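Q: all I have is the shape, not the residue letters:
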């Protein structure tokens, strides 16, 4: 299998933008199990493909989920989360009665996001500082 290119190319830029995203069900209820977790995995993959986001890795725990996604520079982390949470909540609450009766909404309003790249923050800061000397 050929090695995956680190960068993505578009007409006007070259980029490598990754986000680690975490969010929880309302009240951190442990509802993301068995067939619900399986369906969530399918829906997240569908929506990510539709909006042009690549899910590199996904872990669904009973009371939260982790995603590492790669996105275009024009896709803000907030927009990505909004799209994924909105789509999955609407469909899963239609399909699983327990998610309608146990929770007023499927997801909390909050989420965690951290940008991740191939190069650490410390290396970037050192590189920029060294540019003054050159």
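A: Everything's here; your move. Computed from a predicted structure; not experimentally measured.
Q: are we agreed that residue 55 is in a strand?
A: Yes: when DSSP: H, G, I helix; E, B strand; the rest coil is applied, residue 55 is found to be in a strand.
Q: next, find the distance separating the residue lying closest to it once chain neighbours are set aside from residue 117.
A: Using Cβ to Cβ, 6 or more residues apart in numbering and skipping residues adjacent in sequence, the residue nearest residue 55 is residue 48, 4.9 Å away. (Each C-beta comes from the backbone N, C-alpha and C, glycine too.) For residue 48, the distance to residue 117 equals 19 Å [Cβ to Cβ, to the nearest Å].
Q: between the two, which one's more packed in?
A: Neighbour count, other Cβ atoms under 10 Å: between residue 48 and residue 117, residue 48 has more, with 21 against 13.
Q: what pLDDT, on average, does the helix or strand that contains that one get?
A: Here residue 48, judged by DSSP states H and E, is contained in helix 34-51. For helix 34-51, the mean per-residue pLDDT is 98.
Q: need the residues that contact that helix.
A: 32, 54-55, 58, 60, 62, 65, 67, 69, 75, 80, 83-84, 87-88, 91-92, 95-96, 98-99 (Cβ atoms under 8 Å, 6 or more residues apart in numbering).
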